[in-house]
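**Q** Can you look at this prediction? I've put the sequence above it.
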Amino acid sequence: NKRISCGDAIVNDSVSKIPPKSHSAFDVIVVGNGPLGAALGVHLASLSSSSSSRKSVLILDSGSESLSSGSDDLGRIVRPLDVEGRDEWTQLNIDSIESFAKIQEESEIAFFEKKGSLSIGSQAFVSKPASLLTAKKIEHEILRGREEICEKFAYLNRGTIPEEYVAVSDRVGGYVSPHKMRAAFNRLAVKKNEERTVVCVQTAEEIIWTDDDGGFVKVRTTDGNVYAAREKVFLACGYYTQPLLHRSKIDMESLEDVKISKRTIILAKVSEEDAKGRFRDMPTIKYELPEDVRSKSAATDTSTNAASDQSKNEAKSVYILPPIWYPGPVPSPGYYVKIGGGANDFMTLSKAVMFDEKKSGNVQNEKEKKPIEQRKELDSVWEDHRKATYEDQKEDIESWMSSDGDPEIVPQLKTALLHVFPDVEFEAFETKACATTCTSNGSMKIEHYLDGKICAVTGCNGKAAGPAYAIAREVVANAKFVKHIT
């Protein structure tokens, strides 16, 4: 596997390569420095205008060599045009977008590209998001029928877009560079908090809490360092949240609803001429695949038991980002269109369970099947084993994230891409695995443990990177901070 590493060239001058001394204490520790963890740092730094009452904050960043999906490409969608038409996600996106100009000015780091957003599909597919844009008084345009759509968006093809499709577009949305956004958030957190915020490269291994520690919650890292939180620990580590809580022997029954969905993306290289020509004004796109294309390109939905509208829409649609310049080395320098989507493929079984079942003889002809086929078969049969899998799920996640994605999904995404852009000559394709955390109702999970000493934010359904700033503001505003004194 060749990790998509072009984002490493984006310098985050707020991250310290030298971690604090082991056993240092801070008021608050944030585990995870993705878009959400970095945004938490900004809002924690803004809690008090009084210098004497500011909180000391430690943000743990797993580093550029980590296998987090947030470090693997240069584009994340942010848009008020939520495809499920959910008020909570629409408002979070609007609030974040409205904050970007000031953040970029204060940090002197530009991370948001205002390209607009576009949803194309059947009337049923676009009606909810369109109604919500109207309710939120977001200026938008509705186009009905293939001719109107292709006349407005010339890069779409009249030969493939169904005649009855409807399009809804706005000029508010766009995409963010997660690397630059984190750098901007980190710089503001350090600046606003008068350097009481420390961002360092350390990976959390375990959370420790005993009565003997005077009520402090401690975080032990993979390097063996231990840091104490006087007031609170925030977990903003995505799909590593459940394995971390499990290793820490913290009862997380409230997160049993959260599943990890294995996702595959393609970065399709286009010529500079196309990037600056036909695709120059392209917005981010959410596209409902027609039935005939879906039968060719949509994988069997392993999320049939998931009731959320997010899972249902994912199974029949793809998202596409406009060309973004990737400086290399991986992928090679050039402009790339990003496509992802399709049915959720939930990670429900650990390698330990697979091994035990194989050893007992319950899995037949394992040598005749590809690993992906084995996993999918086991997932469908032994769903009840999920609770027992957290012990080594971290290893499963890392194995998945270091792969090139699902080889069965790649040709299906290519089929979808060539359906939308049949006359584009793509120069190369780079594939990559990523992952999201999903809930059955499509809403985030914000859960508290150890009498409120730990706050975990997860179950973001693949939507949290763009609106991370507004999500973090809500989380911090509703958090209770109780200082424990030995």
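**A** Arrived safely.
**Q** Low-confidence regions, the stretch 201-350 of the chain specifically.
**A** For the stretch 201-350 of the chain, the stretches flagged by pLDDT under 70 are 211, 213-214, 295-311, 348-350.
**Q** just the stretch 51-200 of the chain next, same as before
**A** 51-52, 64-72.
**Q** the helices in it, which residues?
**A** Secondary structure of the stretch 51-200 of the chain (DSSP state H, counting those that start in this stretch): helices located at 87-107, 123-135, 146-152, 178-192.
**Q** Remind me what the first one packs against, helices and strands.
**A** Read that as helix 87-107. strand 76-78, strand 112-113, helix 123-135, helix 178-192, helix 468-477 (3 or more CB pairs under 8 Å, 6 or more residues apart in numbering; DSSP states H and E). Glycine gets a C-beta too; all of them are placed from N, C-alpha and C.
**Q** contacting residues around the first one?
**A** In other words, strand 76-78. 35, 70, 93, 96-97, 112, 117, 173-178, 284, 319, 321, 465-467 (CB atoms under 8 Å, 6 or more residues apart in numbering).
**Q** re earlier: could the helices and strands packed on helix 87-107 be laid out in TSV, adding distance to His448 and mean neighbour count?
**A** As requested, those are arranged in TSV below (distance: least, CB to CB, whole Å; neighbours: other CB atoms under 10 Å):
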stretch	distance to His448	mean neighbour count
strand 76-78	27	26
strand 112-113	31	20
helix 123-135	30	18
helix 178-192	23	25
helix 468-477	11	22
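**Q** Filter the contacts of strand 76-78 down to the buried ones, PyMOL style.
**A** To isolate the buried members of those in PyMOL, using 16 or more other CB atoms under 10 Å:
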select buried, resi 35+70+93+96+97+112+117+173+174+175+176+177+178+284+319+321+465+466+467
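**Q** Check the burial of Ile208 by counting its neighbours.
**A** 15 (other CB atoms under 10 Å).
**Q** Show me what it bridges to in the sheet.
**A** Lys218 (DSSP bridges).
**Q** Am I right that it is in contact with Arg220?
**A** Yes: contact status for Ile208 versus Arg220: in contact at 6.0 Å, counting by CB atoms under 8 Å.
**Q** Now Leu143. Nearest residue, chain neighbours left out?
**A** Counting by CB to CB, 6 or more residues apart in numbering, Ala167 is the residue found nearest to Leu143 once chain neighbours are left out, at 4.3 Å.
**Q** dump the residue contacts of the one you found.
**A** 118-120, 126, 142-144, 148-149, 152-153.
**Q** please redo it, this time with the cut-off set to 7 Å
**A** Ala167 makes contact with 118-120, 143, 149 under the criterion CB atoms under 7 Å, 6 or more residues apart in numbering.
**Q** Columns neighbour count on top of the residues you listed, output as TSV?
**A** Shown next, in TSV, are the contacts of Ala167 (neighbours: other CB atoms under 10 Å):
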residue	neighbour count
Leu118	27
Ser119	29
Ile120	23
Leu143	20
Ile149	21
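**Q** Put together CSV for the residues you listed, with distance to Ala228 on each row.
**A** Output for these, formatted as CSV (distance: CB to CB, whole Å):
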residue, distance to Ala228
Leu118, 48
Ser119, 47
Ile120, 52
Leu143, 57
Ile149, 57
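**Q** Which one of those is nearest to Tyr335?
**A** Leu118 (19.0 Å; CB to CB).
**Q** Please determine how far that closest one is located from Lys463.
**A** 17 Å (CB to CB, to the nearest Å).
**Q** try Phe153
**A** For Phe153 relative to Lys463 (CB to CB), the value is 24 Å.
**Q** So for these two, which residue has more residues nearby?
**A** Taking neighbours as other CB under 10 Å, Phe153 and Lys463 compare with Lys463 leading, 25 against 18.
**Q** The more buried one contacts Thr90, doesn't it?
**A** No: Lys463 is beyond contact range of Thr90, at 10.5 Å (criterion: CB atoms under 7 Å).
**Q** Make a markdown table from the helices of the stretch 51-200 of the chain and add distance to Ile265 to it.
**A** Listed next are the helices of the stretch 51-200 of the chain as a markdown table, based on distance: least, CB to CB, whole Å:
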| stretch | distance to Ile265 |
| --- | --- |
| helix 87-107 | 20 |
| helix 123-135 | 22 |
| helix 146-152 | 25 |
| helix 178-192 | 13 |
